[in-house]
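J.: Quick one, fold the following:
(2 chains)
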2 protein chains.
Amino acid sequence: MYEGAVQELIDELGRLPGVGPKSAQRIAFHILESDNEDMKRLANAIVTVKERVKFCTICGNVAEQETCSICRDPRRDPSAICVVEESKDVIAVERTRSFRGKYHVLGGSINPIAGIGPEQLRIRELLSRLSDDQVQEIIIATDPNLEGEATATYLVRMLKTIGIKVTRLASGLPVGGDLEYADEITLGRAFEGRRTVS
Amino acid sequence: MYEGAVQELIDELGRLPGVGPKSAQRIAFHILESDNEDMKRLANAIVTVKERVKFCTICGNVAEQETCSICRDPRRDPSAICVVEESKDVIAVERTRSFRGKYHVLGGSINPIAGIGPEQLRIRELLSRLSDDQVQEIIIATDPNLEGEATATYLVRMLKTIGIKVTRLASGLPVGGDLEYADEITLGRAFEGRRTVS
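T.: This next block holds a predicted model:
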């Protein structure tokens, strides 16, 4: 055990996700040996993020105002909504520069073991966005894992009753990967989804 | 890129040792979704550690006063000094409960590639502690790696001229380990250091 303040910092750091006792100690000593100003900036960034960052009342993405910068942007196509699990996924899709519509962040995925059902996700908020007939396509971009697939299936069934066009991201071989390293499910999906090229 | 405050926090977290861009993002979202009070405590712990924690003027260990709690403790034997690289190592030795002397923290190890020579370490401070003839043994407990060994060799040569008893921690098989998994250098050292048991 270290003296007071050092141990307190190690304890606080150790509560962060992915930070074990050894890393917490390593980070704490880094902080101790770092420039005072740099560390004030870090502490400030933590406080500021809690004070300033909210969640967009329309799409659920992180936002510094009532609504996020994408929902406020008039150049974004309001006829397409891409449904993702987390704000991180919005950034991932944005990086591709291949989507110019809007988003809807569910806040997670259906996971019975963790006690997360559809009612814990922002699905009601998604439905209310469909009431004005402006939206023509819902692109479901949940994670390609068990929970993401379950969430997608649930959404597809529910949206079918509304009669709106629903699409899903393609499954297949990751670009730049090796065919021999692809797992059999991915390779199977790549076969199913094969396209005529000539 | 996220909006202002979130991205700033990710950038600051990404500068910490062992925190890559993905972990920085994960920690930032954890902070965003955490209780306000918890995160104020974390920010406070960072500021407090910088304000309150200094380095002991005698041994170089972390301290909340002019000297550390070990140097101030009258029950600690002043005739033995255990020389370590970092404050973390003091804690590691303390955990064994097998040493009741004092410490000296070098602040690193000799590493020519990183440009760290003996003059960058707290060796002069160690020598000045030996002037009053109270110290009878110096236990060198630097890391058992290339830099630690170089530092130990340097210290041994220097202390020899003073005529003080110098010891090193034993090298050998880690307790609880498997002999077959020991690397050849460790196993070789274990042979060299074998002891008569009956």
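
J.: so where do the helices sit in chain A?
T.: Using DSSP state H, the helices of chain A run over A:4-14, A:21-33, A:36-52, A:69-72, A:87-96, A:123-129, A:146-160, A:184-192.

J.: Give me the contacts around the last one.
T.: This points to helix A:184-192. Helix A:184-192 is contacted from outside by A:171, A:172, A:173, A:174, A:179, A:182, using C-beta atoms under 8 Å, 6 or more residues apart in numbering or on different chains. For every residue, glycine as well, the C-beta is placed using N, CA and C.

J.: Can you point out the buried residues in the lowest-mean-pLDDT helix or strand in chain A?
T.: Lowest on mean pLDDT, DSSP states H and E among the helices and strands of chain A sits helix A:184-192, with a mean of 81. Residues of helix A:184-192 classed as buried: A:186, A:189, A:190 (neighbour count, 16 or more other C-beta atoms under 10 Å in any protein chain shown).

J.: Output the helices of chain A as TSV; include the columns distance to residue B:151.
T.: TSV is the format used below for the helices of chain A (distance: least, C-beta to C-beta, whole Å):
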stretch	distance to residue B:151
helix A:4-14	24
helix A:21-33	18
helix A:36-52	28
helix A:69-72	53
helix A:87-96	44
helix A:123-129	61
helix A:146-160	51
helix A:184-192	51
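
J.: what's the least confident stretch among those?
T.: Ranked by mean pLDDT, the helices of chain A end with helix A:184-192 at the bottom, a mean of 81.

J.: Show me how far stretch A:163-182 is from its chain's centre.
T.: 18 Å (C-alpha atoms, centre = their mean, to the nearest Å).

J.: Could you pull up the mean pLDDT of that stretch?
T.: Here the average pLDDT along stretch A:163-182 is 83.

J.: And it, what's buried?
T.: Neighbour-count burial for stretch A:163-182, with 16+ other C-beta under 10 Å as criterion, is recorded at A:166, A:168, A:172, A:182.

J.: so can I have a markdown table of those residues showing distance to chain B?
T.: A markdown table is the format used below for the buried residues of stretch A:163-182 (distance: C-beta to the nearest C-beta, whole Å):
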| residue | distance to chain B |
| --- | --- |
| A:166 | 27 |
| A:168 | 25 |
| A:172 | 23 |
| A:182 | 22 |
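
J.: for these, which one is nearest residue A:91?
T.: If you rank the buried residues of stretch A:163-182 by distance to residue A:91 using C-beta to C-beta, residue A:168 comes first, at 20.0 Å.

J.: residues touching that closest one, list them.
T.: Per C-beta under 8 Å, 6+ apart, neighbours of residue A:168: A:139, A:140, A:141, A:152, A:156.

J.: separation between the spatially most central residue of chain A and chain B?
T.: Compute the mean C-alpha point of chain A, and by C-alpha atoms, centre = their mean the closest residue is residue A:86, 2.2 Å away. Look at residue A:86 and chain B: by C-beta to the nearest C-beta, to the nearest Å, they are 7 Å apart.

J.: Identify the residue spatially nearest to that residue, adjacent ones excluded.
T.: Nearest-residue entry for residue A:86: residue A:105, 6.5 Å, with adjacent residues in sequence omitted and distances by C-beta to C-beta, 6 or more residues apart in numbering or on different chains.

J.: burial of that neighbour, as a residue count?
T.: Residue A:105: 26 surrounding residues under other C-beta atoms under 10 Å in any protein chain shown.

J.: likewise the one 10 residues further on?
T.: The number of residues packed around residue A:115, counting by other C-beta under 10 Å, is 7.

J.: same check, this time on residue A:48
T.: 17.

J.: what's the most distant pair in the contacts of residue A:168?
T.: Across those (C-beta to C-beta), the longest gap, 12.7 Å, separates A:141 and A:156.

J.: quick one, which of these two is more surrounded?
T.: Neighbours were counted for residue A:141 and for residue A:156 using other C-beta under 10 Å; residue A:141 has more, 22 against 14.

J.: before we move on, the earlier item: ranking the helices of chain A by burial, who's on top?
T.: helix A:4-14 (a mean of 20; mean count of other C-beta atoms under 10 Å in any protein chain shown).

J.: residues in contact with that helix?
T.: In this structure, residues lying in contact with helix A:4-14 by C-beta under 8 Å, 6+ apart are A:1-2, A:19-21, A:23-25, A:27-28, A:31-32, B:41-42, B:45-46, B:48-49, B:52-53, B:62, B:64.

J.: Report the beta-bridge partners for the residue nearest to residue A:86.
T.: Note on residue A:105: beta-bridge partners by DSSP bridges are residue A:84.

J.: didn't it look like it was pressed against residue A:58?
T.: No: contact between residue A:105 and residue A:58 fails when scored by C-beta atoms under 8 Å: they sit 9.9 Å apart.

J.: Would you confirm that residue A:126 contacts residue A:103?
T.: No: using C-beta under 8 Å as the test, residue A:126 is too far from residue A:103 to be in contact (10.5 Å).

J.: Now for the two: what residues contact both?
T.: Residues touching both residue A:126 and residue A:103 by C-beta under 8 Å, 6+ apart: A:81, A:83.

J.: how close does residue A:192 get to chain B?
T.: Residue A:192 sits 30 Å away from chain B, going by C-beta to the nearest C-beta.
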